[in-house]
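Asks: just to be clear, the model below is a prediction. Sequence and coordinates:
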Amino acid sequence: MKKFKKRIFDIIQIGQRGDFPSRAFDFFLVAIITLNILVLVLETFNLPESLQRILHIIEIVTVALFGVEYLLRIWTAEFLYPNVSKGKAVLKFLLSYDGIVDLLTIVPAFFLSGFSAFRMLRVVRIFHLFRINATYDSFNVITAVLKEKRNQIFSSLFIVIILMFASSLCMYSVENAAQPDVFDNAFSGMWWSISTILTVGYGDIYPITILGRILAIIIAILGVGVVAIPTGIISAGFVEHYTQVTDSQQAESSPQNRAEFNSQNQADSKLQKQADSVNDELINTSSHINLCERILADREATDPETREKFDQYLAELLRKK
């Protein structure tokens, strides 16, 4: 049973190229995810009732398949987290990204006519698309770079937040007297500061005083520079990552390294042959020792000279061993 469960786990995980059932399951799951999201999009259109019924049936079937997959992942969670107990493995999966997305994909199906909050959870199905890209190197590179540069990114975002609060307070101090209905408190200018720093500039809230406009120009210029900081950090991370990958590939494929690798393989092969030869010699020596011991045990050596020769021979074999 455990072997069967392990095989199920291997199939529902991201498959290797040599494992046909697992690869087939991956493609099937991608097709189900794509079909489910397509139904989600088509439901927003005014379609004939007959077509809506078909879409509803497709949605029920795909959600049911998601449910089966979710149960299988819970059942095989012990192989996903082998270093913890079975109960803790199930709990870790339920609280993981995939576990939460799977659950929020299934739950809205039971509340389609309920509150709008449950209906909004259907959008979570779109996050299933990350599974499609999970096997590609590009997605893994993005994840690795973001994880590696997370401290710098958080620091730059912290600077952006500080600038937003500072610009909101400054704009309130300058524009409150001229526009009390628009900038009525310290947080009323937050929408303006966000749209200005992020260079969106919707224009629904804007300063009208000369000092306010000068301040807005300065904040807009600072916003361009501040927003460029995380972009530069991520770009530098991509360059560093691909440089490391390229250097590693060149190191493995260079003629000098290949020669060293072949030389090492030859040395290892020679050492292995020597070890096999010594092992064979020890085996033969042990056989001779056992034979002599049996001879001495089976008969009483009446001739002292013969016994002495046997003792010398055995001593020599023991020294070799």
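Replies: Thanks, I have it.
Asks: what is the strand or helix carrying Ala166 packed up against?
Replies: Secondary-structure assignment from DSSP states H and E places Ala166 in helix 150-175. Contacts defined by 3 or more Cβ pairs under 8 Å, 6 or more residues apart in numbering; DSSP states H and E place helix 150-175 against helix 190-197, helix 210-253. For the C-beta atoms, the positions are set from N, CA and C on the backbone; glycine is no exception.
Asks: quickly compare those helices and say which is most buried.
Replies: For those, the stretch with the most neighbours on average is helix 190-197, a mean of 20; neighbours defined as mean count of other Cβ atoms under 10 Å.
Asks: with just CA atoms, put that one into CSV.
Replies: The C-alpha atoms that make up helix 190-197 are tabulated as CSV, following Å, rounded to 0.1, in the frame of the first residue of the first chain:
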residue,chain,number,x,y,z
MET,A,190,-2.2,59.5,0.2
TRP,A,191,-4.0,58.7,-3.0
TRP,A,192,-2.4,61.7,-4.7
SER,A,193,1.1,60.8,-3.4
ILE,A,194,0.7,57.2,-4.5
SER,A,195,-0.4,58.1,-8.0
THR,A,196,2.4,60.7,-8.3
ILE,A,197,5.3,58.7,-6.9
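Asks: lowest-scoring secondary structure element of this protein by mean pLDDT?
Replies: helix 116-120 (a mean of 51; mean pLDDT, DSSP states H and E).
Asks: tell me the angle of the helix holding Ala166 relative to helix 190-197?
Replies: 120 degrees (axes from the mean of the first three to the mean of the last three Cα atoms, to 10 degrees).
Asks: same question for helix 150-175: list its buried residues.
Replies: Of the residues in helix 150-175, those buried under the neighbour-count criterion (16 or more other Cβ atoms under 10 Å) are 152-153, 156, 160, 163-164, 167-168, 170-172, 174-175.
Asks: and the helices in the protein, which stretches?
Replies: In the chain, the segments counted as helices under DSSP state H are 2-12, 20-42, 49-75, 77-80, 86-94, 97-106, 116-120, 129-133, 137-148, 150-175, 190-197, 210-253, 255-298, 304-320.
Asks: got the contact list for the fifth one?
Replies: Helix 86-94 is contacted by residues 73-74, 77-78, 80-82, 84, 99-100, 103 when judged by Cβ atoms under 8 Å, 6 or more residues apart in numbering.
Asks: let's see that with 6 Å instead.
Replies: Contacts of helix 86-94 from elsewhere in the structure, counted by Cβ atoms under 6 Å, 6 or more residues apart in numbering, are 74, 77-78, 81, 99.
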